[in-house]
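**Q** quick one, structure for this:
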Amino acid sequence: MPKKPATFDFERSLQELEALVEKMEAGDLSLEESLKQFERGVQLTRACQKALTQAEQKVQILLGKEGKADLYPFEADSEEPQKQAED
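**A** Numbers count the residues shown, from 1 in each chain. Sure, this is the predicted structure:
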């Protein structure tokens, strides 16, 4: 049975990336460990960038091809939203 791929946790990856940067900036790592941490940082950066790109694409789709959404004022008592006048 194939394994389900692990879900990507953007916030956790970003925290890990920030921790790696702090470690490397401290200058206490050996060259070998620095390279290993740098490689991990590149992986995290690419994964975060991919997640951000996917999120941006979803927003674009939700807003429509023109990049604009029809905005309606929220009225809790009303059944039908009233379309706002465009500028």
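
**Q** quick check: pLDDT value at Leu71.
**A** At Leu71, the model reports a pLDDT of 63.

**Q** backbone dihedrals for Ser30, please?
**A** Phi and psi for Ser30, reported as degrees, to the nearest 10, are phi -70, psi 170.

**Q** distance check, it against Gln37.
**A** 10 Å (CB to CB, to the nearest Å). Using the backbone N, CA and C atoms, a C-beta is placed for each residue, glycine as well.

**Q** which of the two has more neighbours?
**A** A count of neighbours by other CB atoms under 10 Å puts Gln37 above the other of Ser30 and Gln37, at 16 against 8.

**Q** for that one, helix, strand, or coil?
**A** Following DSSP: H, G, I helix; E, B strand; the rest coil, we place Gln37 in the helix state.

**Q** okay but it is in contact with Glu25, surely?
**A** No: using CB atoms under 8 Å, Gln37 is not in contact with Glu25, being 10.9 Å away.

**Q** was I right to think Leu29 contacts Glu22?
**A** No: counting by CB under 8 Å, Leu29 does not reach Glu22; the two are 11.1 Å apart.

**Q** of these two, who's got more company?
**A** The residue with more neighbours, out of Leu29 and Glu22, is Leu29; 15 against 9, by other CB under 10 Å.
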